[in-house]
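In: My questions are about this predicted structure, shown below with the sequence.
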Amino acid sequence: MINMNDIMETITMIQEENLDIRTITMGISLLDCCDSDIDRSCQKVYDKIYRCAKDLVKTGEEIEKKYGIPIVNKRISVTPIAMLAGASGGDPVKYAKALDKAAKEIGVNFIGGYSALVQKGFSPGDKALIESIPRALEETDFVCSSVNVGSTKTGINMDAVKLMGGVVKEAAARTKDRQCIGAAKLVVFCNAPEDNPFMAGAFHGPGEPDCVINVGVSGPGVVRSALSKMPAEADLTEIADKIKKTAFKITRVGQLVGSEASQRLGVPFGIIDLSLAPTPAVGDSVAHILEEIGLEQCGTHGTTAALAMLNDAVKKGGVMASSNVGGLSGAFIPVSEDAGMIHAARDGVLSIEKLEAMTAVCSVGLDMIIIPGETPEETISAIIADEAAIGMVNSKTTAVRVIPAVGLAEGQELDFGGLLGNGPVMKLNTKSPAKMINRGGRIPAPLQSLKN
Amino acid sequence: MKAVITVIGKDMVGILAKVSGTCADANANVVEVTQSILQDYFAMIMLIDIEHMTCGLEELKNKLEENVPSMEIHVMHEDIFNSMHRI
């Protein structure tokens, strides 16, 4: 029989330590929906998404019941819409509305892929889409948008970086009566993965199959709880080992759920994204893991080292547990979605500069950071450029999702509610980077790109 | 195919009888039972064969919760434990 302790461990992880499958995301290629008439194209998009994903939510719920593990989100990612907008012309917001309608009809809570890949330059479709992002996010509820502005192979498209500063600000301004939610549904990437199941940055890359199931696992609470049972004299090698073993177990559940979902839906299984994705719930915080490792509060000196170890150990444990690992895979450090990060930011222990350093060793970037509403566009562009530079040079994904809180100044708080959480407006450097940003052009690809 | 039922809560007369009775009604064969009592605290793990079961796991859980109220009950397919704890 299965060991009694193992059974109790699994149940404790789920019941008390918030172990869950964070998302089952179905990636759907829309390349076969291209049409020179935008209305026909939108209809095809809606029809295909509905056809592929109509059973997604029901299947997710059945699996939840079979294994007794919550599957928090069921989501859809699609081909970057800029590609379709390029073929059809017309107002890209029509696509956003078609995506939103499909998401509502199917019952998923987010649909990602209102995206453009412009790391080296714009096509007309890319430009039209980027300019329409604030309006698309204002006029839809579930659509998420992302733009890839740089990569290790191509360098950074600084014209796109410049543009995105304004887009982020406008997205917040247009939704100012809804906690500036527009900006929370928009991610600016460098080295964006094409198979990421997590929102708001999920899209279905052009190199992906027609339809695929990707799974994102979570479980910061489980890791923290495992570490809290370690003796105080345990050294960091032992700590890393414990994280690895825990990540292995978490990922195995993801593998099980992913294969089952893929089999039931008759869709190939893509990847598991082994990320520690926090929520504002008590006991589901990445910051608290770092504090459990031995920091008085997240954000102090030593945070980057602790996070580097955590991120690496999660990957090492997860890789063996899954047949295919992909997406972002690592520890997320969103500020407003993590109880420990919110606390540290409120206390002034966690600064944006420290967060930037942390993004060099974690899986993503500056995430869910609330900045003053008065922040100039160029400053937002410069934040994006800094992050993209870290990603480009270190051959890793980095991203920026900042929310300019219209009408709020440093120290005041913005509350999104739900999984997006709440947090204080963080202090930014007020000296202007405008001259550099307005130069535009491209930052050439670094030497690291010349691997051939 | 097997599933694991866990029942946790305050000890009282007849828990095992009620749980196994509910399983019998659903045509689920009890394969193994482990139970322990620690200071009035009852914990039982039951392995059942669900190959010929007449209802789904969710339905079985609902019936168990109806028959043994005030206890914490989980019914989970064994695969989740096998994947997590065995390579």
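Out: Alright, I've got the coordinates.

In: drop to CA atoms for contacts and neighbour counts, all remaining ones
Out: Will do.

In: Show me what from the stretch 201-350 of chain A comes close to chain B.
Out: Counting by CA under 8 Å from any CA of the partner chain, the stretch 201-350 of chain A comes close to chain B at A:248-250, A:252-253, A:256.

In: Count the neighbours of residue 14 for me.
Out: I went with chain A, as the question did not name one. 18 (other CA atoms under 10 Å in any protein chain shown).

In: you looked at the wrong chain, it should be chain B
Out: Counted with other CA under 10 Å, residues neighbouring B:Gly14 total 9.

In: show me the contacts for residue 41.
Out: Just going to use chain A. A:33-35, A:84, A:88 (CA atoms under 8 Å, 6 or more residues apart in numbering or on different chains).

In: um, chain B though
Out: B:Tyr41 makes contact with B:8-11, according to CA under 8 Å, 6+ apart.

In: B:Lys63 now?
Out: Contact analysis of B:Lys63 by CA under 8 Å, 6+ apart lists B:Thr22.

In: Torsion angles phi and psi at it?
Out: phi -60, psi -40 (degrees, to the nearest 10).

In: for B:Gly56, same thing?
Out: Given degrees, to the nearest 10, the pair of backbone angles that B:Gly56 has is phi -80, psi 170.

In: got it, and A:Pro231?
Out: Residue torsions, per degrees, to the nearest 10, at A:Pro231 are phi -70, psi 150.

In: how much space between it and A:Ile239?
Out: Applying CA to CA, to the nearest Å, the value for A:Pro231 to A:Ile239 is 10 Å.

In: And those two? Which one has more around it.
Out: Neighbours were tallied for A:Pro231 and for A:Ile239 using other CA under 10 Å; the higher tally belongs to A:Ile239 (18 against 9).

In: leaving aside the residues next to it on the chain, what's closest to the more buried one?
Out: A:Leu227 (7.0 Å; CA to CA, 6 or more residues apart in numbering or on different chains).

In: quick one, phi psi at the one you found?
Out: Dihedral angles of A:Leu227 (phi, psi; degrees, to the nearest 10) stand at phi -70, psi -30.

In: Make sure it is actually in contact with A:Leu290.
Out: No: between A:Leu227 and A:Leu290 there is no contact under CA atoms under 8 Å: 9.9 Å.

In: hang on, the earlier thing: output the contacts of A:Ser41 in TSV, with secondary structure appended to each entry.
Out: Formatted as TSV, the contacts of A:Ser41 follow (DSSP: H, G, I helix; E, B strand; the rest coil):
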residue	secondary structure
A:Cys33	helix
A:Cys34	coil
A:Asp35	coil
A:Leu84	helix
A:Ser88	helix
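
In: returning to that earlier point: just send the contacts of B:Tyr41 back as TSV, with distance to A:Met4 and secondary structure too.
Out: Listed next are the contacts of B:Tyr41 as TSV, based on distance: CA to CA, whole Å; DSSP: H, G, I helix; E, B strand; the rest coil:
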residue	distance to A:Met4	secondary structure
B:Ile8	13	strand
B:Gly9	16	strand
B:Lys10	19	strand
B:Asp11	19	coil
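
In: Give me the buried entries from those residues.
Out: The neighbour count (16 or more other CA atoms under 10 Å in any protein chain shown) marks B:8-9, B:11 as buried among the contacts of B:Tyr41.

In: Among these, pick out the one closest to B:Val31, please.
Out: Using CA to CA, B:Ile8 comes nearest to B:Val31 of those, at 19.0 Å.

In: Tell me the spacing between that closest one and A:Lys245.
Out: From B:Ile8 to A:Lys245 the distance is 27 Å (CA to CA).

In: can you check B:Leu47 too?
Out: 26 Å.

In: more crowded one of the two?
Out: Counted by other CA under 10 Å, B:Leu47 and A:Lys245 do not tie: B:Leu47 has more neighbours, with 23 against 19.

In: Report the buried residues of the helix or strand that one falls within.
Out: Assigned by DSSP states H and E, B:Leu47 belongs to strand B:41-49. By neighbour count on 16+ other CA under 10 Å, the buried set for strand B:41-49 is B:42-49.

In: same check, this time on stretch A:77-96
Out: Buried, per 16+ other CA under 10 Å, within stretch A:77-96: A:77-90, A:92-96.

In: Then stretch A:58-77?
Out: A:59-60, A:63-77.

In: what is the mean pLDDT for that stretch?
Out: Mean per-residue pLDDT for stretch A:58-77: 94.

In: which ones are touching A:Val215?
Out: A:21-25, A:197, A:254-255, A:258, A:271-273.

In: Out of those, which end up buried?
Out: Using 16+ other CA under 10 Å, the buried ones in the contacts of A:Val215 are A:21-25, A:197, A:254-255, A:258, A:271-273.

In: Inside strands: which ones of these?
Out: Applying DSSP state E to the buried ones among the contacts of A:Val215, the entries found in strands are A:21-25, A:271-273.

In: that older thread, compare A:Leu227 and A:Leu290 and say which is more crowded by neighbours.
Out: A:Leu290 (25 against 22).

In: Distance check, that one against A:Val223.
Out: For A:Leu290 relative to A:Val223 (CA to CA), the value is 10 Å.

In: B:Ala28 too?
Out: 36 Å.

In: More neighbours: these two, which one.
Out: Legend: neighbour count by other CA under 10 Å for B:Ala28 and A:Val223, higher for A:Val223 (29 against 23).

In: Look up how far chain B lies from that one.
Out: 15 Å (CA to the nearest CA, to the nearest Å).

In: And the pLDDT for that residue?
Out: Reading off the model, A:Val223 has pLDDT 94.

In: Kindly report the same for the one 3 residues further on.
Out: Confidence at A:Ala226, expressed as pLDDT, is 93.

In: buried residues in the helix or strand encompassing it?
Out: Element membership for A:Ala226, per DSSP H and E: helix A:220-228. Across helix A:220-228, burial judged by 16+ other CA under 10 Å covers A:220-227.

In: now do stretch A:123-134
Out: A:125-134.

In: Dump these into CSV; add secondary structure and distance to chain B as well.
Out: As requested, these are arranged in CSV below (DSSP: H, G, I helix; E, B strand; the rest coil; distance: CA to the nearest CA, whole Å):
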residue, secondary structure, distance to chain B
A:Gly125, helix, 45
A:Asp126, helix, 44
A:Lys127, helix, 47
A:Ala128, helix, 47
A:Leu129, helix, 43
A:Ile130, helix, 43
A:Glu131, helix, 46
A:Ser132, helix, 45
A:Ile133, helix, 41
A:Pro134, helix, 43
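
In: mind giving me CSV with those and columns for distance to A:Tyr114 and pLDDT?
Out: CSV is the format used below for these (distance: CA to CA, whole Å; pLDDT from 0 to 100):
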residue, distance to A:Tyr114, pLDDT
A:Gly125, 12, 95
A:Asp126, 10, 96
A:Lys127, 12, 96
A:Ala128, 12, 96
A:Leu129, 8, 97
A:Ile130, 9, 97
A:Glu131, 12, 97
A:Ser132, 10, 97
A:Ile133, 8, 97
A:Pro134, 11, 97
